[in-house]
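In: structure here, sequence nowhere to be found:
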């Protein structure tokens, strides 16, 4: 074969190879285009979501309105936690809109809590006043695993057999998405959704105290006082704002005022008490 023949044969072979590889090259290009579009859509969605975020700007003082530095401010269930500066101020950035439970603590002062509604694309301004207290933070004892004083007290009350208890092991064994689910099987307790009160949601009532029927012939149960790590939560508290079960170390329930232990003195005992204890503490 002459050189021209060799050249034409090589050209034909190259064109054939190119044609054979064209479908796979087009498919790869299409896959890349789909991936690029998906990434672009994800970035656009993230940008739109971030555009809804807000800022929480707050101040913590004592009863004399002196600013309190080094106060711990936590948004329960989210992991968001900041410490106030020397001027008592704190700021949380990029907060998604919604309803949250906020807890404020400082050594030497009684903790406080409040339910907040964060709007879209706005700044929520808050102020909290802490009352001086002789309360001391939990000490830590080691017995194979970390055990706080509050959980040792929990075990002592459980051994006395007064009230109803759910341990961390039971919580892990049963499994659930909402902490309120564990209260549904307690004796003398009613868990239901209430949308008639401010900050309505899933709430817990005692069947033993204040029972009866109202003017509309509806069962009138008594709202129980909820505590989180010993912190008194607002009345008619929405249980959906509690930390998820994976963060809970124990729950104790006293469905009547007569059974509430003296350790919970100072809280409203009329309808009983639900005490929720987290693994790391608030």
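Out: Received the coordinates, thanks. Model, not experiment: these values are computed from the prediction.

In: tally of neighbours for the residue nearest to residue 162 when sequence neighbours are not counted?
Out: Excluding the flanking residues, the one nearest residue 162 by CB to CB, 6 or more residues apart in numbering is residue 259, at 5.6 Å. From N, CA and C alone the C-beta is placed, and that goes for glycine too. Residues near residue 259, counting by other CB atoms under 10 Å, number 16.

In: got phi/psi on residue 133?
Out: Here is the backbone geometry of residue 133 (degrees, to the nearest 10): phi -150, psi 160.

In: which residues touch it?
Out: The contact partners of residue 133, taken as CB atoms under 8 Å, 6 or more residues apart in numbering, are 108-110.

In: tell me how far it lies from residue 75.
Out: As judged by CB to CB, to the nearest Å, residue 133 and residue 75 stand 23 Å apart.

In: got it, and residue 267?
Out: Taken as CB to CB, the span from residue 267 to residue 75 is 23 Å.

In: and the two? Which one has more around it.
Out: Higher neighbour count among residue 267 and residue 75: residue 75, with 19 against 15, using other CB under 10 Å.

In: so where's the chain uncertain?
Out: Applying pLDDT under 70 to the chain picks out residues 1-32, 38, 41-50, 135-147, 196-200, 209-220.

In: and the helices in it, which stretches?
Out: 3-51, 149-160, 168-174 (DSSP state H).

In: quote the end-to-end distance of stretch 166-183.
Out: 9 Å (CA to CA, to the nearest Å).

In: from the middle of its chain, how far away would that stretch be?
Out: 15 Å (CA atoms, centre = their mean, to the nearest Å).

In: for it, which positions count as buried?
Out: Neighbour counts over stretch 166-183 (16 or more other CB atoms under 10 Å) mark 166-168, 171, 179-183 as buried.

In: returning to that earlier point: ok, of the contacts of residue 133, which come out buried?
Out: Burial by neighbour count, judged by 16+ other CB under 10 Å, picks out 109-110 from the contacts of residue 133.

In: from the contacts of residue 133, which is closest to residue 82?
Out: Ranked by distance to residue 82 (CB to CB), these are led by residue 109 at 16.9 Å.

In: skipping adjacent residues, who's closest to that closest one in space?
Out: Counting by CB to CB, 6+ apart, residue 130 is the residue found nearest to residue 109 once chain neighbours are left out, at 3.8 Å.

In: now do residue 164
Out: residue 253 is the one closest to residue 164 (CB to CB, 6+ apart), at 4.5 Å.

In: wait, what's in contact with the one you found?
Out: The contact partners of residue 253, taken as CB under 8 Å, 6+ apart, are 163-165, 183, 186, 189, 272-275.

In: in the sheet, who's paired with it?
Out: residue 164, residue 274 (DSSP bridges).

In: ok, back up a step: export the contacts of residue 133 to TSV and tack on distance to residue 202?
Out: As requested, these are exported to TSV (distance: CB to CB, whole Å):
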residue	distance to residue 202
108	34
109	30
110	27
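
In: need the residues that contact stretch 176-192.
Out: Applying CB under 8 Å, 6+ apart, the contact partners of stretch 176-192 are 164, 166, 171, 174, 202-208, 219, 221, 224, 239-240, 242-245, 248, 251, 253, 255-256, 272, 274, 276.
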